[in-house]
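Visitor: sequence and computational prediction follow.
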Amino acid sequence: MPRYRVIDPDQNVIDEKEFADDTKAYDWFKTIEVPDDSLGYAMQVDMDGEWTRFEINDGGTNTSPSA
């Protein structure tokens with residue numbers, strides 16, 4: 001199962017979890033509490049031992065899950 005992590009702008013890991021699919025991982029990312037005016041928090045996915053950027057926030061809070 002793919003492993004995802006959330007990092008802050010300084011590349012510190014905030015949290016890590018495994019998800020069966022990208023949709024569930026994205027919904028989880030939207031629940032991570034960061035200041036509304038903070039940019040640069042990103043979600044990465046472990047692709048064969050390499051962490052790759054999956055999503056990045058642009059500030060603001062979006063608590064609506066994906067359809």
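Guide: Received the coordinates, thanks.
Visitor: what lines up beside whichever strand or helix holds residue 43 in the sheet?
Guide: Taking DSSP states H and E as the criterion, residue 43 maps to strand 42-47. Here strand 42-47 is paired, per DSSP bridges, with strand 3-7 (antiparallel), strand 50-56 (antiparallel).
Visitor: spatially central residue for this protein, please.
Guide: residue 43 (2.8 Å; C-alpha atoms, centre = their mean).
Visitor: I'd assumed residue 27 was in contact with it.
Guide: No. At 10.9 Å, residue 43 does not count as touching residue 27 under the criterion of C-beta atoms under 8 Å. For glycine as for every other residue, the C-beta is placed from the backbone atoms N, C-alpha and C.
Visitor: ok, the closest residue to residue 28 other than its chain neighbours - how many residues close by?
Guide: Here the nearest residue to residue 28 in space, its sequence neighbours aside, is residue 17; by C-beta to C-beta, 6 or more residues apart in numbering that works out to 6.2 Å. Neighbour count for residue 17, taken as other C-beta atoms under 10 Å: 14.
Visitor: just say which of the strands paired with strand 42-47 is most tucked in.
Guide: Comparing the strands paired with strand 42-47 by mean neighbour count (mean count of other C-beta atoms under 10 Å), strand 3-7 comes out on top with a mean of 19.
Visitor: in three-state terms, label residue 23 for me.
Guide: helix (DSSP: H, G, I helix; E, B strand; the rest coil).
Visitor: distance of it from residue 8?
Guide: Computed as C-beta to C-beta, to the nearest Å, the residue 23 to residue 8 distance reads 23 Å.
Visitor: cool, thanks, talk later.
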